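Peer 1: Predicted coordinates and the sequence they were generated for:
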Amino acid sequence: LKAAATESRLHADDLTTPTFTLSNIGSMNVGQTLKPVLVPPLVAMGALGRIQRVPRFVEDDDDGANPSDKNTVVATNILHVSR
């Protein structure tokens with residue numbers, strides 16, 4: 001398939017049978033995971049959840065003089081990916 005595309009020999013019929021599907025489940029409010037039903041010739045499915053802002057610890061790059069200041073809590077965006 002890659003060779004045909006590189007050599008400009010790719011036709012619409014070459015793209016009609018998917019083998020991988022990517023879904024956005026974050027907008028459906030169904031949680032963070034998905035248990036897909038794969039129907040041949042589909043061989044895999046990935047699902048993207050909702051972006052969430054959560055607290056995370058990060059290590060400070062200091063000289064270590066004050067051990068209580070080694071970690072800082074920052075707001076971080078995460079995206080759950082189900083496969």
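Peer 2: Cool, got the structure. Numbering: from 1, shown residues only.
Peer 1: By mean pLDDT, which helix or strand of the chain comes out lowest?
Peer 2: strand 20-24 (a mean of 84; mean pLDDT, DSSP states H and E).
Peer 1: Which elements pack onto that one?
Peer 2: On a contact count with 3 or more C-beta pairs under 8 Å, 6 or more residues apart in numbering; DSSP states H and E, strand 20-24 meets strand 44-59. Quick note: C-beta positions are derived from backbone N, CA and C, even for glycine.
Peer 1: Mind giving me the packing neighbours of the strand it packs on?
Peer 2: Going by 3+ C-beta pairs under 8 Å, 6+ apart, strand 44-59 lies up against strand 20-24, strand 71-82.
Peer 1: buried stuff in that strand?
Peer 2: Neighbour-count burial for strand 44-59 flags 45, 47-50 (criterion: 16 or more other C-beta atoms under 10 Å).
Peer 1: Any chance of TSV for those residues, columns pLDDT?
Peer 2: TSV is the format used below for those (pLDDT from 0 to 100):
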residue	pLDDT
45	85
47	85
48	85
49	84
50	85
